[in-house]
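Undergrad: Sharing a sequence plus its predicted fold:
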Amino acid sequence: MDGRGKKGPVIYEFRITLREVEPSIYRIFRVSDRITLKKLHKIIQNCDGLRGLPSLRV
């Protein structure tokens with residue numbers, strides 16, 4: 001098999017934008033479809049500099 005029939009993970013791209021802020025502040029990041037919700041939650045917190053704040057339960 002030459003590999004053309006194989007498919008890798010699906011990649012999702014997210015854009016998180018802070019509301020009511022000018023100029024616009026946003027973060028763009030990509031994750032695999034194999035990521036867990038718990039890991040996605042941590043990535044979102046890290047992208048927006050929310051480390052050190054009380055954790056939200058997912």
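TA: It's in.
Undergrad: Now do the contacts for Leu40.
TA: If a contact means Cβ atoms under 8 Å, 6 or more residues apart in numbering, then Leu40 has Val31 as its contacts. For every residue, glycine as well, the C-beta is placed using N, CA and C.
Undergrad: how about 10 Å then?
TA: Counting by Cβ atoms under 10 Å, 6 or more residues apart in numbering, Leu40 touches 12, 14, 29, 31, 58.
Undergrad: Show me which of those is closest to Lys6.
TA: Distance to Lys6 across those (Cβ to Cβ) is lowest for Tyr12, with 19.7 Å.
Undergrad: Relative to His41, how far out is the spatially closest residue to the closest one that is not a sequence neighbour?
TA: Leaving aside its sequence neighbours, Tyr12 sits nearest to Val31 (Cβ to Cβ, 6 or more residues apart in numbering; 5.6 Å). Taking Cβ to Cβ, to the nearest Å as the measure, Val31 falls 11 Å from His41.
Undergrad: how many neighbours does Leu37 have?
TA: A count of neighbours around Leu37, defined by other Cβ atoms under 10 Å, yields 8.
Undergrad: before we move on, what about Arg27?
TA: 15.
Undergrad: Which residue is the nearest non-sequential neighbour of Ser32?
TA: Counting by Cβ to Cβ, 6+ apart, the residue nearest Ser32 is Pro9, at 4.3 Å.
Undergrad: Contact partners for the one you found?
TA: Contacts of Pro9 by Cβ under 10 Å, 6+ apart are 31-35.
Undergrad: In PDB, list the C-alpha atoms belonging to the host helix or strand of His41.
TA: For His41, the host element (DSSP states H and E) is helix 37-47. Below are the C-alpha coordinates for helix 37-47, written out as PDB (Å, rounded to 0.1, in the frame of the first residue of the first chain):
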ATOM      1  CA  LEU A  37     -12.200  17.700  26.700                       C
ATOM      2  CA  LYS A  38     -10.000  18.000  29.800                       C
ATOM      3  CA  LYS A  39      -6.900  18.700  27.700                       C
ATOM      4  CA  LEU A  40      -8.800  21.200  25.500                       C
ATOM      5  CA  HIS A  41      -9.900  23.100  28.600                       C
ATOM      6  CA  LYS A  42      -6.300  23.400  29.700                       C
ATOM      7  CA  ILE A  43      -5.100  24.600  26.300                       C
ATOM      8  CA  ILE A  44      -7.800  27.300  26.300                       C
ATOM      9  CA  GLN A  45      -6.800  28.500  29.700                       C
ATOM     10  CA  ASN A  46      -3.100  28.600  28.600                       C
ATOM     11  CA  CYS A  47      -3.900  30.500  25.400                       C
END
